[in-house]
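S.K.: Got a predicted structure plus its sequence, pasted below:
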Amino acid sequence: MAAKTRLVSVLGSTGSIGINTLDVIARHPDRFEVYALAAHSSVDSMLAQCLAFAPRYAVMMDEAAATLLRQRLPAGFPTQVRHGESGLAYIVTAPEVDVVMAAIVGAAGLPSTLAAARAGKTLLLANKEALVMGGHLLMQAVREAGARLLPIDSEHNAIFQCVPVNARAAPELRGVSKVLLTASGGPFRRWSLAQMTDATPDQACAHPNWSMGRKISVDSASLMNKGLELIEACWIFDLAPAQVDVVVHPQSIIHSMVRYVDGSVLAQLGNPDMRTAIAYGLGWPERLASGVAPLDLVTTARLDFEAPDETRFPCLRLAREAVVTGGTAMAVCNAANEVAVAAFLDEKIRFTDIPAVIEYTLERVDIVEPTSLSVVEDAVVQAREFAHGFLADLQHPTMAVKRV
Ligand code: NAD
Ligand code: MG
């Protein structure tokens, strides 16, 4: 019997993960129907996606962008255009929706991701910042509403694939002793701190193996991405921070590993292409064709490993400290990082200022128990204020000269 067609809402559809998700969906028109698409303000991309997939709804965060999209869709086209948080809330909670791909970048994705979990949907989670900030709330919502969380971040997807029995059981019942998160090391793996001081946004975004949005690319260059992923792994797999090790693996062929108490280490391998993880999430528990080229081990030839250097990459240490502190420390760490990365991409601060902004902010915001979304949001507002205040104090008179 043919499987039922599943209705999918893709949040962040015009971004790197969104585009890859639609690529996989387009390969399986008999299994998936795009129910809704959502993005911030890129009308041209959204228009093209609407014409290709004819979703029932298109949501633009920006109201003016929604108006423009409405005007540009052909007369009588079946897609209804909505805007803002209420539009997002509608397309993740509508009863017809089976699957929500949460691929908005940054803290902005938390309310819609949480709403999808509370509505008991199958949640394909790419938006790691939502989990880093609101892990306690999100995991509680998943449990209480009976939602199914399938990790899309390639490392967590790999771990999920290597924990086959019952992903929800406690680590000791699964026999897991450690999770080994692999990191490419990013474009600055071999750079000295002095060289990193002068790194430009384009250099930071030139990832050696993966093609991604600019925010996550900068996070990969600073290793904050691995720090956020460490926190993400603790929440998804119910692990203590000490059970997660980071291993630098420059080829990005092993996407992560799980070590068991009997000495076995299971790894998931593949070419660095997010469509594998996305297809696994969409098809789970079945495997779907994704368009990813088969891995050629002979051409790959080598798999190298080294320890991360937390002196040159202090963001990894800061994230580890935040998860050990617990409470709203992770939300504060993430918020300060978002402010710092945006300022770096805007050429207002240096690459090496990013950890300084985070450390300054973490030292100043009071850390409390994240009992509700508003408590988390308050911590984020405070963190953003301290981080912005620190940015104003960072004086780099040479930067303007250098970067014109
Ligand atoms: P991106 O910058 O390419 O795309 C972001 C998307 O979010 C765009 O569609 C944008 O319009 C939308 N968006 C931004 N702000 C929004 C808002 N306020 N409201 C609604 N939509 C908004 O980012 P990306 O690289 O696709 O990453 C998306 C998420 O997935 C991030 O959390 C990232 O950490 C995670 N992730 C990405 C990759 C990857 O390979 N790109 C891998 C693992 C995890
Ligand atoms: Mg990742």
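M.R.: The structure has been received and is ready for your questions. Ligands and ions are numbered 1, 2, ... in the order given.
S.K.: Alongside ligand 1, which residues does this protein contribute?
M.R.: Near ligand 1, the residues belonging to the chain are 12-18, 38-40, 42, 61, 103-105, 108, 126-129, 153, 210, 212-213, 215-216, 274 when assessed by C-beta under 6 Å from any ligand atom. C-betas here are computed from N, CA, C, even on glycine.
S.K.: Helices - which of those residues land there?
M.R.: Secondary structure defined by DSSP state H assigns 16, 17, 18, 128, 129, 215, 216 of those to helices.
S.K.: The fourth one: neighbour count?
M.R.: Looking back up the chat, that one is residue 128. Using other C-beta atoms under 10 Å, residue 128 has 27 other residues around it.
S.K.: just checking, it touches residue 153?
M.R.: Yes - look at residue 128 against residue 153 with C-beta atoms under 8 Å: they come within range, at 5.5 Å.
S.K.: overlap in contacts of these two?
M.R.: 229, 232 (C-beta atoms under 8 Å, 6 or more residues apart in numbering).
S.K.: if I pick the residue of the stretch 151-300 of the chain found nearest ligand 2, what's in contact with it?
M.R.: Of all residues in the stretch 151-300 of the chain, the one sitting closest to ligand 2 is residue 153 (4.2 Å; C-beta to the ion). Residues in contact with residue 153 (C-beta under 8 Å, 6+ apart) are 125, 126, 128, 229, 232, 277.
S.K.: got these as JSON lines, with distance to ligand 2 and pLDDT columns?
M.R.: Shown next, in JSON lines, are the contacts of residue 153 (distance: C-beta to the ion, whole Å; pLDDT from 0 to 100):
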{"residue": "125", "distance to ligand 2": "12", "pLDDT": "98"}
{"residue": "126", "distance to ligand 2": "9", "pLDDT": "98"}
{"residue": "128", "distance to ligand 2": "7", "pLDDT": "96"}
{"residue": "229", "distance to ligand 2": "5", "pLDDT": "98"}
{"residue": "232", "distance to ligand 2": "9", "pLDDT": "98"}
{"residue": "277", "distance to ligand 2": "9", "pLDDT": "98"}
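S.K.: From the residues you listed, list the buried ones, please.
M.R.: Buried by 16 or more other C-beta atoms under 10 Å: 125, 126, 128, 229, 232, 277, out of the contacts of residue 153.
S.K.: Provide a list of residues in contact with the second one.
M.R.: What it means is residue 126. Residues in contact with residue 126 (C-beta under 8 Å, 6+ apart) are 12, 17, 101, 102, 103, 152, 153.
S.K.: Would you mind giving both backbone torsions of it?
M.R.: With angles defined as degrees, to the nearest 10, residue 126 sits at phi -100, psi -30.
S.K.: any idea where the strands of this protein begin and end?
M.R.: In the chain, the strands defined using DSSP state E lie at 6-11, 32-39, 57-60, 80-83, 99-102, 122-125, 148-151, 176-183, 244-248, 254-260, 265-269.
S.K.: Pick the most deeply packed of these.
M.R.: Highest mean neighbour count among the strands of the chain (mean count of other C-beta atoms under 10 Å): strand 99-102, with a mean of 28.
S.K.: Does anything pack onto that one? Which helices or strands?
M.R.: Contacts defined by 3 or more C-beta pairs under 8 Å, 6 or more residues apart in numbering; DSSP states H and E place strand 99-102 against strand 6-11, helix 16-26, helix 110-118, strand 122-125, helix 275-283.
S.K.: which neighbours does that strand have in its sheet, and in what orientation?
M.R.: Strand 99-102 has the following sheet partners, assigned by DSSP bridges: strand 6-11 (parallel), strand 122-125 (parallel).
S.K.: doesn't residue 309 make contact with residue 193?
M.R.: No - applying C-beta under 8 Å as the test, residue 193 and residue 309 come out as separate, 9.9 Å apart.
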